[in-house]
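**Q** Kindly generate the corresponding structure for this input.
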Amino acid sequence: MDLSVVVPAYNEEDRLGPTLDAICAHLRGEPGRWGEWELIVVDDGSTDGTAKIAKDASAEEPRIQIVSGDGNHGKGSALRLGVLASYGRRVLITDADLATPIEELDRLDKQLAAEDSAAAIGSRAHPDSRIEVHQRRSREWLGRMGNRLIRAVAVPGIHDTQCGFKLFDGDKARAAFADSRLDGWGIDVEILRFFRREGWPVTEVPVRWSHQAGSKVRPLDYGRVLLELVRLRARAVRPVGLLVTGLFLLASVLLYKGLWADLDRGYLADAGSDQNQWEWFFAVTADNVAHLRNPLFTTLQGYPDGVNLMANTVMLGLSVPLTPLTLLFGPTVTWALVLTLGLTATATAWYWLIARRLATNRWAAAIGGAFAAFAPPMISHGNAHPNFLVLFMIPVIVDRALRLCEGRNVVRDGVLLGLFATYQIFLGEEPLLLAAMGMLLFALSYGLVRRDVARAAARPLLRGLAVAAAVCLPLVAFPLGWQFFGPQSYTSVLHGDNMGNSPLAFLEFAGRSLMGSDEGADPLAFNRTEQNAFYGWPLVALAAAIVVRLWRVALVKALAFTGVAAAFLSLGPKFRIPYTDIVLTGPWRALAHQPLFESVIESRVALICAPVLGVLIALAVDRLLVTRERVHRAVGLAAVAAALVPVLPTPYPVRERAEIPAFVTEGMYSAYLSEGESVVTVPLPSPGSAEALHWQSATGLGFPVAGGYFNGPWGPDRMGIYGATPRHTSNLLNDVRGSGRVPVIGPNWQAQARGDLAAWRAGVVVLAPQYNDAALYATVEKLLGQPGKRVGGVWVWDVGAERMRG
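**A** Take a look at the predicted model:
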């Protein structure tokens with residue numbers, strides 16, 4: 001059989017007869033061209049005279065076959081029955097209304113024969129198509145929007161999937177329809193997606209098309225197509241992918257099990273003050289959104305100057321959409337959920353990228369993705385920095401940049417890259433900068449190794465990046481303008497000297513690694529949330545062995561250069577050779593004082609090494625799993641395990657957080673605050689101690705506080721610092737808490753305290769039970785010249801301006 005024509009029909013008694021006559025006449029007209037043919041009518045449970053008309057036509061033309069279903073199941077079911085009943089070397093499917101005339105088969109057949117295509121499909125979106133009778137504008141608009149959505153989520157590059165006139169290679173069509181599951185209008189998308197997945201070329205062909213009255217497509221059918229798209233995407237997820245994601249989720253829950261076990265009192269032991277800060281960020285964002293206030297600014301900290309939230313890491317990309325969760329369950333639930341699901345999503349995204357582009361074995365990709373997300377420096381940031389843990393957009397951005405290099409649809413991919421970059425900016429700007437550095441290092445090194453690829457990719461990549469910038473910059477112009485030039489903006493952040501990694505940090509194990517210890521890691525890191533290398537010597541040795549073994553692979557050469565370059569950059573502007581007094585200038589010196597880079601903690605550049613090592617491990621495991629040499633496979637996998645086991649992460653330790661005093665929980669503070677007044681805690685909240693932020697976020701943000709833990713400006717140059725601008729009184733109280741010694745307080749100190757309280761617009765001074773609280777009480781008593789009053793579990797000094805005058 002040379003050609004099978006399949007016509008699905010449901011209640012088509014008015015149109016089926018002329019359609020069958022037209023098809024038969026056209027095929028009879030050129031018997032030498034069409035050869036042996038059959039016309040299959042699929043009656044999808046019609047309740048009118050459709051079946052009789054088909055039978056009458058079959059009686060006159062024996063090449064007309066009738067296939068009947070057991071009821072009305074939809075276009076997809078009818079086409080599946082018809083195609084699977086066909087025998088043709090080519091299979092044409094056409095709607096019963098012949099909106100595309102049968103004469104257009106000539107075009108499709110010529111295209112299928114001339115091009116190396118498996119399918120030639122009619123396309124109303126083709127610039128050479130002719131629409132003779134248009135649909136209503138609303139229906140056309142819905143159709144365009146639907147096609148754009150379909151292109152985005154299912155079959156990129158195909159502009160019209162729903163035109164009911166398609167010519168297929170017969171065997172391939174039968175294989176595709178045998179694999180199909182959808183019964184409705186989404187069948188076209190499912191079949192074309194199958195062709196794409198199998199690598200069978202599909203060509204869009206211009207056709208004539210006329211809207212026919214009596215269309216069976218109703219407005220609700222567009223919604224049904226969307227539901228079928230969801231089913232299609234769900235079916236596309238492989239079971240092993242779901243299993244891998246489930247394992248990532250299980251690992252994340254186990255790491256944070258201590259936090260989840262006691263959300264009311266649990267506090268990550270190595271978080272410093274960051275958990276309080278992040279819970280406050282989630283709470284204040286939700287409060288701003290709920291009250292329709294500017295989400296980029298607040299005066300609840302750093303009163304009365306306030307905090308530029310865009311200039312802080314509030315992760316608006318998550319804190320805004322998670323507002324309902326924060327309002328319903330509190331910021332601690334949001335904090336725990338972001339850490340747990342963010343880590344899971346990041347691992348899944350790296351797994352997806354590696355499986356999609358690099359590794360044929362899914363478990364090899366899973367190992368590589370797991371390491372990229374659960375690597376020691378990532379786990380270190382998991383103590384306190386979700387903006388460096390929740391990186392699921394980075395693999396997506398990498399993939400889209402690679403698509404630009406392929407040059408298939410530069411405008412579409414550029415637009416998506418711009419949108420992805422915009423979203424990542426609202427998740428974390430510094431991780432995006434580090435990712436861009438890593439991608440640039442990789443591109444330069446790969447381009448040197450494969451100059452032919454670089455020449456072919458350069459033009460579409462540059463065009464796509466221009467499109468991405470044109471999309472991204474207008475969207476982020478106002479938020480970034482607010483960040484850099486708005487109230488409480490700053491120029492760059494002071495991190496101090498010696499923020500680079502020691503070379504030994506790459507060989508040591510992290511404190512949270514299975515074979516690590518705090519005693520070994522602490523001397524080599526700024527703190528336990530900044531252990532930005534610590535991959536361990538076995539893994540470094542394994543990576544070197546993989547690079548040597550696979551050196552002929554261009555990808556491996558580029559990865560090796562990227563990882564080594566990132567490691568050297570992370571050493572900082574200068575570094576000491578271990579066990580010597582020799583100090584060398586590091587490559588970071590060239591970037592240290594450049595815009596944007598001057599605010600980067602240089603040791604964090606070593607985070608680029610995590611996905612580099614993850615990909616190298618995945619490539620090695622992928623090859624080991626297919627090698628026929630059992631001994632080689634066993635030894636190789638054992639070496640991988642020996643390098644990975646020592647850096648397996650262990651659960652985060654949790655301590656019990658301090659109880660919030662009744663003075664706050666029962667709202668007693670409100671009696672001491674007038675409009676425009678703040679609470680001044682002793683000492684003031686700062687990066688070293690920020691319990692007051694927890695008081696606020698856990699009790700509805702009912703009062704502003706002086707001081708705080710945020711990034712803000714300091715001095716005439718507006719240099720960025722951690723915390724509010726320090727004043728003499730706040731420095732004094734910090735010193736007393738640290739030393740436990742009460743200084744000599746005279747009139748000058750008392751006058752200074754009055755001036756500072758006025759600057760803070762203080763309504764009440766509060767001293768909660770804490771370390772060295774007796775010395776703090778004595779100091780405040782002398783500064784204010786009056787004893788405190790015990791209220792709600794704290795010492796209170798009423799210093800409101802109006803009440804003091806009264």
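**Q** okay, CA-based contacts and neighbour counts for the rest of this
**A** Fine.
**Q** Longest helix of the protein, counting residues only.
**A** helix 451-485 (DSSP state H).
**Q** Do me a favour and average the pLDDT over whichever helix or strand comes after that helix.
**A** Sequence order places helix 518-521 as the next helix or strand after helix 451-485, per DSSP states H and E. In this model, helix 518-521 has a mean pLDDT of 92.
**Q** For the helix or strand following helix 518-521, buried residues please.
**A** Later in the chain than helix 518-521, the nearest helix or strand by DSSP H and E is helix 537-549. Buried positions in helix 537-549, judged by neighbour count with 16 or more other C-alpha atoms under 10 Å: 537, 538, 539, 540, 542, 543, 546, 547.
**Q** Was I right to think the third one contacts residue 643?
**A** To tie it back to what came earlier, the one meant is residue 539. Yes - contact status for residue 539 versus residue 643: in contact at 4.7 Å, counting by C-alpha atoms under 8 Å.
**Q** Skip the chain neighbours and tell me the closest residue to the residue nearest the centre of the chain.
**A** Centroid check for the chain by C-alpha atoms, centre = their mean gives residue 393 as the closest residue, at 3.0 Å. In space, and not counting its chain neighbours, residue 393 is closest to residue 424: 6.4 Å by C-alpha to C-alpha, 6 or more residues apart in numbering.
**Q** Phi first, then psi, for the residue lying closest to residue 100 once chain neighbours are set aside.
**A** Spatially, and ignoring its direct neighbours in sequence, residue 100 is nearest to residue 209 (4.7 Å; C-alpha to C-alpha, 6+ apart). Main-chain torsions, residue 209, degrees, to the nearest 10: phi -150, psi 140.
**Q** check contacts around residue 209.
**A** 99, 100, 101, 124, 129, 130, 131, 132, 133 (C-alpha atoms under 8 Å, 6 or more residues apart in numbering).
**Q** Also residue 165?
**A** 92, 93, 94, 95, 100, 121, 122.
**Q** Ranking by neighbours, what's the top pick from those residues?
**A** Scoring those on neighbours with other C-alpha atoms under 10 Å, the highest-scoring entry is residue 121 at 31 neighbours.
**Q** What ranges in the protein fall below the confidence cut-off?
**A** 115, 135-155, 213-226, 232-236, 496-497, 801-806 (pLDDT under 70).
**Q** Stretch 28-40: end-to-end distance?
**A** Length of stretch 28-40, first residue to last, C-alpha to C-alpha, to the nearest Å: 16 Å.
**Q** Now distance to residue 767 too, for the buried residues of helix 537-549, in TSV please.
**A** Shown next, in TSV, are the buried residues of helix 537-549 (distance: C-alpha to C-alpha, whole Å):
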residue	distance to residue 767
537	48
538	50
539	50
540	50
542	54
543	54
546	58
547	59
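**Q** wait, which of those residues is closest to residue 765?
**A** Taking C-alpha to C-alpha as the measure, residue 765 lies nearest residue 537 of those, at 52.1 Å.
**Q** Next, residue 42: secondary structure please.
**A** Under the three-state scheme (DSSP: H, G, I helix; E, B strand; the rest coil), residue 42 adopts strand.
**Q** same deal with residue 720?
**A** strand.
**Q** With adjacent residues omitted, what lies nearest to it?
**A** Per C-alpha to C-alpha, 6+ apart, closest to residue 720 is residue 493, 4.1 Å.
**Q** what's the one you found in contact with, if anything?
**A** 598, 599, 711, 719, 720, 721 are the contacts of residue 493 under C-alpha under 8 Å, 6+ apart.
**Q** can you do 7 Å?
**A** Applying C-alpha atoms under 7 Å, 6 or more residues apart in numbering, we find residue 493 in contact with 599, 719, 720, 721.
**Q** Of those, grab the buried ones for PyMOL.
**A** Buried residues among those (16+ other C-alpha under 10 Å), as a PyMOL selection:
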select buried, resi 599+719+720+721
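**Q** so can I have TSV of the contacts of residue 493 showing distance to residue 110?
**A** TSV is the format used below for the contacts of residue 493 (distance: C-alpha to C-alpha, whole Å):
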residue	distance to residue 110
599	61
719	69
720	68
721	70
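**Q** between the contacts of residue 493, which is closest to residue 679?
**A** residue 721 (22.0 Å).
**Q** who's the closest one bridged to?
**A** residue 712 (DSSP bridges).
**Q** any idea how far it lies from residue 598?
**A** 13 Å.
**Q** can you check residue 555 too?
**A** 31 Å.
**Q** If you count surrounding residues, which of those two has more?
**A** residue 555 (19 against 16).
**Q** Give me the buried stretch members for the helix or strand harbouring the more buried one, please.
**A** Secondary structure from DSSP H and E places residue 555 in helix 554-569. Using 16+ other C-alpha under 10 Å as the test for burial, helix 554-569 gives 554-563, 565-569.
**Q** got the CA positions of stretch 501-518 in CSV?
**A** Extracted in CSV, the C-alpha atoms of stretch 501-518 (Å, rounded to 0.1, in the frame of the first residue of the first chain):
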residue,chain,number,x,y,z
ASN,A,501,41.1,30.6,50.0
SER,A,502,44.3,29.0,51.2
PRO,A,503,45.6,26.4,48.8
LEU,A,504,45.3,23.9,51.7
ALA,A,505,41.5,24.6,51.8
PHE,A,506,41.1,22.5,48.6
LEU,A,507,42.7,19.5,50.1
GLU,A,508,41.1,19.7,53.6
PHE,A,509,37.7,18.2,54.4
ALA,A,510,34.8,20.6,55.4
GLY,A,511,33.5,20.6,58.9
ARG,A,512,30.2,19.1,57.8
SER,A,513,31.8,16.4,55.6
LEU,A,514,31.8,12.8,56.8
MET,A,515,35.5,12.7,57.3
GLY,A,516,35.9,16.4,58.2
SER,A,517,36.1,18.2,61.5
ASP,A,518,35.7,21.8,62.7
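**Q** neighbours of residue 323, just the number please.
**A** Neighbours of residue 323 using other C-alpha under 10 Å come to 22.
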